[in-house]
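Novice: Fold the following for me, if possible:
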Amino acid sequence: MSKPFLLFVLCLMISHMVIAGQRSIRFAGVDWQVKNGGPWGPGPNYWSDSDQSVWVDEQGRLHLKIRKENNTWYCAEVNTEAYTTYGEHRFLVEGRIDKMDKNIVLGLFIYANDAAEIDIEYSKWSVEGKEDVGSYTVQPWSTPGNNHSFVSPLDSVKTTHFFDWQPGYVLFGSLQGHYYSAPPSQNYYIEQWIYTGSDNPSPDHHLRTHINFWLNNGQAPTDLSILEVVITDVVQPLSTNFIEKTDNHLPLRLELKQNYPNPFGHEIGSVKGRSSSIINYTLSKNKYVRLSVFNLLGQEVSTLVSRRQKAGKHSVTFNAAGLPGGIYFYRLQVGYKTLIRKMIYIP
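Specialist: The predicted structure follows:
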């Protein structure tokens, strides 16, 4: 056996040993890999898989900590072992992420490469006194229209952040408090934004869900009061349609149909100036249902349903009279599941 071949086999064995030795954790019902080594991006930074940097507590919450060891600052990152797909990604966070040191960044995102990435980030980006610490991004961030920053004064340590990734858009949102579905009122929203640009990645890119806590440009923090963040839960994405079984074992599909007519509002058949459209949906179980309509800015313009309903087919009429023409989104929320479709109103 030749020496080059032996060297190749040895390198291959070492590579497999490193991969096999990578630390993994169980959090929010799935397996996550813990990043280790460096200096690597983002930053660049050094990363630690120590249980002093990344751990899950007795309550099942994930802790990420930036810490200094032997004059070196170590950051923390985890990513799911499985690929993700279209659907809602929801992160329940604990910590005053609006008051972190100017060099600290919290990232909640899905990633395959620098051109296939969707981000929610909190950071001052090394600018002291920066107020718009929240940002939503579809990479590349430098493309006009791919980034949206917002001011985010928090009233407690608990916040919820989500993005619903779909083939034609990404709907972002942040809320005060912890919610798995719509909050009691719009007042709980910190910000909402809808991205409809051309850089929306597809599942074919093989993205994974990531959470990281790191230092911008590798710069050490000057304010050491907040060096840890807690992630209470992460809800993994859900497909466009969900097949379940009712109590009598009859298969039903949780489904949100395209509104009809669409577009609506102009002359359709013999009806002139029609300002209403019908939305049909099917429930697989008796559930509390919320059906809402949003504009392109992510602002809720109408709540069509907000009550418990029986399993089966349902229909509701949306009247857009008084609203400006344009693109709207209607969202069906049933428990942890969220379905969204787009409609066009032409007055």
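
Novice: got the residue ranges for the helices in the stretch 151-300 of the chain?
Specialist: Assigned by DSSP state H, counting those that start in this stretch, the helices in the stretch 151-300 of the chain number zero.

Novice: The residue nearest to F213 when sequence neighbours are not counted: what secondary structure?
Specialist: Nearest in space to F213, with sequence neighbours left out and distances taken as CB to CB, 6 or more residues apart in numbering, is L64 at 4.1 Å. Every residue, glycine included, has its C-beta placed from N, CA and C. Look at L64: counting by DSSP: H, G, I helix; E, B strand; the rest coil, its state is strand.

Novice: Contact partners for L64?
Specialist: 53-54, 76-78, 211-213, 228-231 (CB atoms under 8 Å, 6 or more residues apart in numbering).

Novice: Any idea how far apart the tips of stretch 213-227 sit?
Specialist: 9 Å (CA to CA, to the nearest Å).

Novice: Which positions in stretch 162-176 come out as buried?
Specialist: Neighbour-count burial for stretch 162-176, counted by 16 or more other CB atoms under 10 Å, picks out 162-166, 169-176.

Novice: Also stretch 147-165?
Specialist: 147-150, 152, 154, 158-165.

Novice: so how far does that stretch reach from one end to the other?
Specialist: 15 Å.

Novice: quick check, distance from it to the centre of its chain.
Specialist: 11 Å (CA atoms, centre = their mean, to the nearest Å).

Novice: Over to stretch 114-128?
Specialist: 14 Å.

Novice: likewise stretch 157-168?
Specialist: Distance, centroid of stretch 157-168 to centroid of chain: 3 Å (CA atoms, centre = their mean).

Novice: Count the residues that sit near I327.
Specialist: 15 (other CB atoms under 10 Å).

Novice: Report the contact partners of it.
Specialist: 196, 295-296, 342-344.

Novice: rerun that using 7 Å as the cut-off
Specialist: I327 sits next to 296, 342, 344 when contact means CB atoms under 7 Å, 6 or more residues apart in numbering.

Novice: Which of those residues are buried? Put it as a ChimeraX command.
Specialist: To isolate the buried ones among the contacts of I327 in ChimeraX, judged by 16+ other CB under 10 Å, type:
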select :342,344
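
Novice: Which of the contacts of I327 fall in strands?
Specialist: Counting by DSSP state E, the contacts of I327 place 342, 344 in strands.

Novice: now the residue nearest to F213, which residues is it bridged with?
Specialist: For L64, the beta-bridge partners are V54, V229 (DSSP bridges).

Novice: F109: which element?
Specialist: For F109, the host element (DSSP states H and E) is strand 104-113.

Novice: so what does that strand touch, helix or strand wise?
Specialist: strand 116-123, strand 208-215 (3 or more CB pairs under 7 Å, 6 or more residues apart in numbering; DSSP states H and E).

Novice: To V105, which of those lies closest?
Specialist: strand 116-123 (4.0 Å; CB to CB).

Novice: next helix or strand past the closest one?
Specialist: Counting by DSSP H and E, what follows strand 116-123 is strand 134-138.

Novice: partners of that next one in the sheet?
Specialist: strand 116-123 (antiparallel), strand 147-150 (antiparallel).

Novice: what separates that strand from the chain centre, distance-wise?
Specialist: Relative to its chain's centre, strand 134-138 lies at 11 Å (CA atoms, centre = their mean).

Novice: buried set for that strand?
Specialist: 134-138.

Novice: now stretch 287-300
Specialist: For stretch 287-300, burial by neighbour count (16+ other CB under 10 Å) applies to 289-295, 298.
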